[in-house]
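A.B. asks: missing the sequence, but the structure's below:
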């Protein structure tokens with residue numbers, strides 16, 4: 001479905017986004033989208049820092 005988007009369709013989508021959000025809010029929206037994607041990827045890969053204290057086994 002989305003694989004057949006050409007240049008005219010993308011330009012139309014861009015024009016609609018500009019009309020709805022205006023030129024000043026586009027960078028804020030893109031920044032928020034980028035941060036959301038980064039947070040999602042970090043959440044999927046797990047914590048970057050290893051645990052400081054190993055867990056104790058129960059006897």
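C.D. replies: That came through fine. Predicted model, so just to flag it, every value in this text is computed and none were measured. Numbers count the residues shown, from 1 in each chain.

A.B. asks: ok, and the most centrally placed residue in the chain, which helix or strand is that part of?
C.D. replies: Centroid-nearest residue in the chain, with CA atoms, centre = their mean: residue 37, separated by 2.4 Å. Residue 37 is located in helix 7-45, with elements delineated by DSSP states H and E.

A.B. asks: Off-centre distance for that helix?
C.D. replies: 9 Å (CA atoms, centre = their mean, to the nearest Å).

A.B. asks: Show the average pLDDT along it.
C.D. replies: Averaging pLDDT along helix 7-45 gives 87.

A.B. asks: For that helix, name the packing helices and strands.
C.D. replies: Contacting helix 7-45 under the criterion 3 or more CB pairs under 8 Å, 6 or more residues apart in numbering; DSSP states H and E is no other helix or strand. C-beta coordinates here come from the backbone N, C-alpha and C atoms, glycine included.

A.B. asks: Buried ones in stretch 24-38, by neighbour count?
C.D. replies: For stretch 24-38, burial by neighbour count (16 or more other CB atoms under 10 Å) applies to no residue.
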